[in-house]
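> I need the structure of the sequence given here:
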Amino acid sequence: NNGPASAGRRDRPRLTRLGWRAETRNRCRSVLVADTNACSFRAVPTGRGATIRAAVSRGVGLPPSIENLHLDAPGPDEVRVVVEACAVCHSDLSYVDGTWATDFPLVLGHEASGRVADVGHGVHDLSTHDPVVVSLVRTCGECRACRKGHEVACTGNLSLNDRSPLSDADGNRIPQGLNVAAFATQVVVHRSQVVRLPDGFDLIEASLLGCGVLTGSGAVTNTARVGRGDAVIVVGCGGVGVGAIQAARIAGAEPILAVDPEADKRKAALGFGATHTVDPVGDDVAVAIRSATGGRLADHLLVTTGAPAALDGAIDLLAPMGQLVIVGMPGDDVTIDVAPSWLAAANKSILGSKMGGARVSVDVPALLDHHRAGRLDLGGMVSTTHPLDELEEAFGEVRRGEVLRTVILPNGSGDRDSADASGVPV
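Got it, this is the predicted structure:
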């Protein structure tokens, strides 16, 4: 039992399918923006380890268990963050549902925001209480990939890569799933994973910049390099897909076709910038794109879902010189068949887009600028919020395709963490 099902429920924004009730959402914003005391700074002095609450995944198909874990103090070039919001990503489910192989136990959650609680030696540009976005992209800044600006391919040897800062009551190290482990009240991450937010920025909305929006927009701007007037198809209208749709709109793409079997998601996509929607179950996508363009096929097709069916025939929807961009990551055993001679003759290309090729320190500030100018809608992407104890319920919403993004509020139920000097959980 992960706690009473009603824990924190009265403060949880209610789902109006893909929207919030405004009055409830504003109440949450007032807590996560204005009230710095919502973080447990007083209970956790700087320079010391802490006992935190975390959702531990212990096997495929098992619901996460809420446990007390020890979190080490930040080491050199590391930052401890009190997690105020962590969005649920399909990548989290890919591990707990067995789609991707991993070792258990581990703590998942990697699309987060919060406030700085402590910094390690060498971190001079962040202060306690600073609001931040936390991303899974961890970089050394010195390896060949980092020097070329390919931060998602970093091969540097960082201490957090070798030793998790989390341990259980028996002293066993618990890995940080996807480099963050933010389904927890606090995290310790490398400085490269953190971007300072403007004061007053909505921390629930900011969490989406840690992965979903960062990945979707990066696939458009960094990988595909979509230009004005390009014809774009986005397959999958979840959080990553909507991030891609908004980035394509900002880039001046026309038309933008949103493809998803869920009618509510197709409808929502129109509000974020899609010019046309297509039901892949009942509609012919090729007919739809030719109708929208006056006869030609797509310049870019971005597959933002991991569903294998989304890749079927995708290459055939591209015009000569077109790009198929694989953003969503299907199961390890999924393959596609392509005739290489035909691919070369049509000058088509297939591109992978891990995390949208993101450069966190560059791309997150750019997204903040788009948000500030009213070009990027983050609030409309958040469908529901849950306290940490309702993580399994949030997983269910994502599995059923009911939400664009559901966000966990690890400190939202009023829990506080305790500090210890010995390095052993108390």
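> switch to C-alpha atoms for all contacts and neighbour counts from now on
Fine.
> The one helix or strand V195 maps to pairs with which strands?
Remark: V195 resides in strand 194-196, with elements defined by DSSP states H and E. When pairs are called by DSSP bridges, strand 194-196 turns out to pair with strand 131-134 (antiparallel).
> Give the helix, strand or coil label for V213.
Secondary structure state of V213, per DSSP: H, G, I helix; E, B strand; the rest coil, is helix.
> L324: what's it in contact with?
300-303, 314-315, 318, 348-351 (CA atoms under 8 Å, 6 or more residues apart in numbering).
> now the residues you listed: which count as buried?
Neighbour-count burial (16 or more other CA atoms under 10 Å) applied to the contacts of L324 gives 300-303, 314-315, 318, 348-349.
> So which of those residues sit within strands?
300-303, 318, 349 (DSSP state E).
> out of the residues you listed, who's nearest Q176?
V303 (27.3 Å; CA to CA).
> And the pLDDT for that closest one?
V303 is assigned a predicted lDDT (pLDDT) of 97.
> Which one of the buried ones among the contacts of L324 is nearest to E392?
Using CA to CA, the buried ones among the contacts of L324 come closest to E392 at V303, 26.6 Å.
> For the closest one, which residues count as its bridge partners?
On the basis of DSSP bridges, V303 is bridged to V235, I326.
> begin at 53 from here
Okay, residue one is now 53; in that scheme the one you just asked about reads as V355.
> Just to check, it is in contact with G380?
Yes. Here V355 reaches G380: they are 6.1 Å apart, a contact under CA atoms under 8 Å.
> residues making contact with the strand holding V247?
With contacts defined as CA under 8 Å, 6+ apart, strand 246-248 is touched by 178, 182-187, 412-413, 416.
> most surrounded residue in these?
Using other CA atoms under 10 Å as the neighbour criterion, V186 leads the contacts of strand 246-248 with 33 neighbours.
> quick one: that one and G262 touch, right?
Yes. Using CA under 8 Å, V186 is in contact with G262, at 5.5 Å.
> what is in contact with those two at once?
Joint contacts of V186 and G262 (CA under 8 Å, 6+ apart) are 162-165.
> between these, which has the most around it?
Highest neighbour count within the shared contacts of V186 and G262: A164, with 35 neighbours (other CA under 10 Å).
> contacts for the strand or helix carrying that one?
A164 is part of strand 163-171, with elements assigned from DSSP H and E. Strand 163-171 has contacts (CA under 8 Å, 6+ apart) with 91, 93, 98-99, 126-127, 129-141, 178-188, 234, 255-256, 258-264.
> What subset of the residues you listed is buried?
Buried among the contacts of strand 163-171 (16+ other CA under 10 Å): 91, 93, 98-99, 126-127, 129-141, 178, 181-188, 234, 255-256, 258-264.
> Phi and psi next, for P439.
Note on P439: its backbone torsions stand at phi -70, psi 170 [degrees, to the nearest 10].
> Relative to L440, how far out is the nearest residue to it once chain neighbours are set aside?
Nearest residue to P439, sequence neighbours excluded (CA to CA, 6 or more residues apart in numbering): L461, at 4.9 Å. As judged by CA to CA, to the nearest Å, L461 and L440 stand 6 Å apart.
> Kindly report the same for Q238.
For Q238, the distance to L440 - CA to CA - is 12 Å.
> For the residue nearest to P439, give me its contacts.
135-138, 437-440.
> Let me know the pLDDT of it.
For L461, the predicted pLDDT is 98.
> cool, D385 as well?
For D385, the model assigns a pLDDT of 87.
> hang on, the earlier thing: right, and the pair among the buried ones among the contacts of L376 with maximum separation?
With CA to CA as the measure, no two of those lie farther apart than V355 and K400, at 15.5 Å.
> for the stretch 103-252 of the chain, what spans make up the helices?
142-148, 196-199, 211-214 (DSSP state H, counting those that start in this stretch).
> Sorry, slip of the keys, the one I care about is the stretch 253-402 of the chain.
255-259, 264-270, 291-303, 315-324, 337-345, 392-397.
> need the ones you listed in TSV with distance to E119 and mean pLDDT, can you?
Output for these, formatted as TSV (distance: least, CA to CA, whole Å; pLDDT from 0 to 100):
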stretch	distance to E119	mean pLDDT
helix 255-259	23	97
helix 264-270	27	97
helix 291-303	29	97
helix 315-324	35	96
helix 337-345	47	97
helix 392-397	51	94
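> could those helices go into a markdown table alongside distance to A169?
Shown next, in a markdown table, are these (distance: least, CA to CA, whole Å):
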| stretch | distance to A169 |
| --- | --- |
| helix 255-259 | 15 |
| helix 264-270 | 24 |
| helix 291-303 | 29 |
| helix 315-324 | 35 |
| helix 337-345 | 49 |
| helix 392-397 | 52 |
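> Looking at those helices, spot the one closest to T154.
helix 264-270 (21.2 Å).
> From the rest of the structure, what touches the closest one?
Against helix 264-270 from outside (CA under 8 Å, 6+ apart): 141, 163, 260, 291-300, 356, 379, 406-410, 415-416, 419.
> do the same with stretch 198-216
189-197, 225-228, 231, 241-242, 406-407, 409-411.
> Now the buried members of the residues you listed.
Going by neighbour count (16+ other CA under 10 Å), the contacts of stretch 198-216 have 189-193, 195, 197, 225-228, 231, 241-242, 406-407, 409-411 buried.
> Restricted to strands, list those.
Within those, residues falling in strands by DSSP E are 241-242.
> pLDDT weak spots in the protein?
53-99, 465-478 (pLDDT under 70).
> what's the residue closest to the geometric middle of it?
C263 (2.8 Å; CA atoms, centre = their mean).
> beta partners for the closest residue to that residue other than its chain neighbours?
Leaving aside its sequence neighbours, C263 sits nearest to E163 (CA to CA, 6+ apart; 5.2 Å). Bridge pairing for E163 (DSSP bridges) gives the partners A139.
> State the distance from E163 to V232.
The spacing between E163 and V232, counted by CA to CA, is 8 Å.
> What of I118?
Counting by CA to CA, the gap from I118 to V232 is 17 Å.
> Those two: who's more crowded?
V232 (28 against 20).
> Could I get the contacting residues of that one?
With CA under 8 Å, 6+ apart, V232 has these contacts: 160-162, 186-188, 239-241.
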